[in-house]
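**Student:** model this:
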Amino acid sequence: MPANSERTIVMPAGVALHARPAGRFVRTAAGFRSQVTVSANGREADAKSIISVLALGAGGGAALTLRAEGDDAADAVSALADCVSGLSE
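**Tutor:** Now for the predicted structure:
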């Protein structure tokens, strides 16, 4: 049975999920087998899709909910939380 993991984090001030940070986020998500989604501003996106992540329009201070389902779900959510925490312009 696949594991589930979820965490809500806040985007660092002054950082938005535009091209470069979103690319880093998507590359991190792609490194896991689990199905991973990210939610912000009332929208949900496939965390492995650059177009979907960009469409969220998440900016500094936005709350992101990271969810994963699969064998490496906890590792995926932890890595994505670390990725977001380390984002800078």
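**Student:** Under the pLDDT cut-off, which ranges of the chain? List them.
**Tutor:** By pLDDT under 70, the low-scoring segments of the chain are 1, 89.
**Student:** Repeat the analysis, applying 50 as the threshold.
**Tutor:** The model of the chain has no residue with pLDDT under 50.
**Student:** quick one, phi/psi of residue 35?
**Tutor:** Recorded main-chain torsions at residue 35 are phi -80, psi 130, according to degrees, to the nearest 10.
**Student:** Break down this protein into its strands, ranges please.
**Tutor:** Across the chain, reading from the start of the chain, the strands by DSSP state E fall at 3-10, 35-40, 43-46, 63-70.
**Student:** Can you tell me which helices and strands the second one packs against?
**Tutor:** The helices and strands touching strand 35-40, judged by 3 or more CB pairs under 8 Å, 6 or more residues apart in numbering; DSSP states H and E, are helix 19-30, strand 43-46, strand 63-70, helix 73-85. Every residue, glycine included, has its C-beta placed from N, CA and C.
**Student:** so how far is the shortest one off the chain centroid?
**Tutor:** In this view, strand 43-46 has its centroid 9 Å away from the chain centroid, taken as CA atoms, centre = their mean, to the nearest Å.
**Student:** Likewise for stretch 51-71?
**Tutor:** Going by CA atoms, centre = their mean, where stretch 51-71 is centred and where its chain is centred differ by 4 Å.
**Student:** okay, it in CSV with CA atoms only?
**Tutor:** Coordinates of the C-alpha atoms in stretch 51-71 are reproduced here as CSV (Å, rounded to 0.1, in the frame of the first residue of the first chain):
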residue,chain,number,x,y,z
ILE,A,51,3.6,24.5,-16.9
SER,A,52,1.3,23.4,-14.0
VAL,A,53,3.7,24.8,-11.3
LEU,A,54,4.1,28.1,-13.2
ALA,A,55,0.3,28.4,-13.5
LEU,A,56,-0.1,28.4,-9.7
GLY,A,57,1.3,32.0,-9.6
ALA,A,58,2.8,31.4,-6.1
GLY,A,59,4.7,34.3,-4.8
GLY,A,60,6.6,35.2,-1.7
GLY,A,61,4.6,34.5,1.5
ALA,A,62,2.2,32.1,-0.3
ALA,A,63,1.3,28.9,1.5
LEU,A,64,2.2,25.8,-0.5
THR,A,65,0.7,22.5,0.4
LEU,A,66,2.9,19.6,-0.7
ARG,A,67,1.3,16.2,-1.1
ALA,A,68,2.8,12.9,-2.2
GLU,A,69,1.6,9.4,-2.6
GLY,A,70,3.9,6.5,-3.1
ASP,A,71,6.7,4.5,-1.6
